[in-house]
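Peer 1: what's the 3D shape of this:
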Amino acid sequence: MRSRAFVEGNALRPGRVTGIRGIVFQSDGRSTVGRFFIRPFEAFDRWMVGILPKSGEPSLAMHAGIHLDIDGKGEYVAEQLVGSSYLDFQNGLNWTPYADFAKRDRGGWDATIAATCFRGIDEQVVAETVEGLNRIEGHPFIGEDCTAFVERAFGNRRLFSDSPLLRDLGIGMRIGDPALPLLKQDAVLDQRSRELLQFETIKDLPDALAGVDAPNVWLWARRLLPLALLVPVGVKIYSSASRKSTPVSSTARRFLR
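Peer 2: Model (predicted):
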């Protein structure tokens, strides 16, 4: 999720974490980054498992964080953000008041799913994660996206699917897609959450094969896309400059006449 205005204070844990309400999913209804860089890169994997929304249906999740309680402060979301040099290259971890987090829905939605609805997560793991969040340090977004942060916080457990597209080719690789969470088949979700996450479709996703530190293929593709787009422009500028600066010999001038 792109940060529109970096809030310096949100980079600091505002107090002691006392509990985890769950993993919160968000879809920014008017996100330019989501429209041009997130949904297109994840479309093939989503299509393969059958969760591309139809016209008029809610958009799928583009972001995830940990919905938690801070002692004496209320509800917050621990989340990994992108959008400034500080977030991208130093520390992307933000502790955002939940009320501010929800404002980013902008016609979309957010929904919190109990952590114990995820495969491999029980109450003991949740308790350990609460303590871990009181010690956790932030990583730059260049090396850790939003779902990778959630997985690291929960003891380096894979909580989101590998790429279904690459899995069919025999390759286990992370994609970090919040729309493909690895939920238990018997998870108890309220009806709204079931519909927003399309639970009946994603509940049968296969367990992840790639390690938690495996490269995130779509994250790297999004990082390299701007560079790939700039290379032809750079080559054209360089070629034009070279032609203007290259001296022409008197012999060549006579030939060209």
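Peer 1: Now do the contacts for the residue nearest to Phe89 when sequence neighbours are not counted.
Peer 2: Ranked by Cβ to Cβ, 6 or more residues apart in numbering and with sequence neighbours excluded, the top spatial neighbour of Phe89 is Pro140, at 5.0 Å. Backbone N, C-alpha and C define where each C-beta goes, glycine included. If a contact means Cβ atoms under 8 Å, 6 or more residues apart in numbering, then Pro140 has 87-92 as its contacts.
Peer 1: Glu123 now?
Peer 2: If you count contacts by Cβ under 8 Å, 6+ apart, Glu123 has them with Thr116.
Peer 1: Phi, psi for it please.
Peer 2: Reported as degrees, to the nearest 10, the phi and psi values for Glu123 are phi -60, psi -30.
Peer 1: need the contacts of Pro140 in CSV with pLDDT, neighbour count and distance to Ile202, can you?
Peer 2: What follows is these, written out as CSV (pLDDT from 0 to 100; neighbours: other Cβ atoms under 10 Å; distance: Cβ to Cβ, whole Å):
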residue, pLDDT, neighbour count, distance to Ile202
Leu87, 77, 22, 29
Asp88, 67, 17, 30
Phe89, 76, 12, 33
Gln90, 79, 14, 34
Asn91, 83, 17, 31
Gly92, 86, 26, 26
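Peer 1: nearest to Pro206, of those residues?
Peer 2: When the contacts of Pro140 are ranked by distance to Pro206 (Cβ to Cβ), Gly92 comes first, at 28.9 Å.
Peer 1: How far does the strand ranked longest in the chain sit from its chain's centre?
Peer 2: Counting residues, the longest strand in the chain under DSSP state E turns out to be strand 17-27. Put simply, strand 17-27 sits 15 Å off its chain's centre (Cα atoms, centre = their mean, to the nearest Å).
Peer 1: what helices or strands is that strand leaning on?
Peer 2: Helices and strands in packing contact with strand 17-27 are listed as strand 63-70, strand 74-80, strand 109-113, helix 123-133, helix 191-197; criterion 3 or more Cβ pairs under 8 Å, 6 or more residues apart in numbering; DSSP states H and E.
Peer 1: how about a cut-off of 7 Å?
Peer 2: Contacts defined by 3 or more Cβ pairs under 7 Å, 6 or more residues apart in numbering; DSSP states H and E place strand 17-27 against strand 63-70, strand 109-113, helix 123-133.
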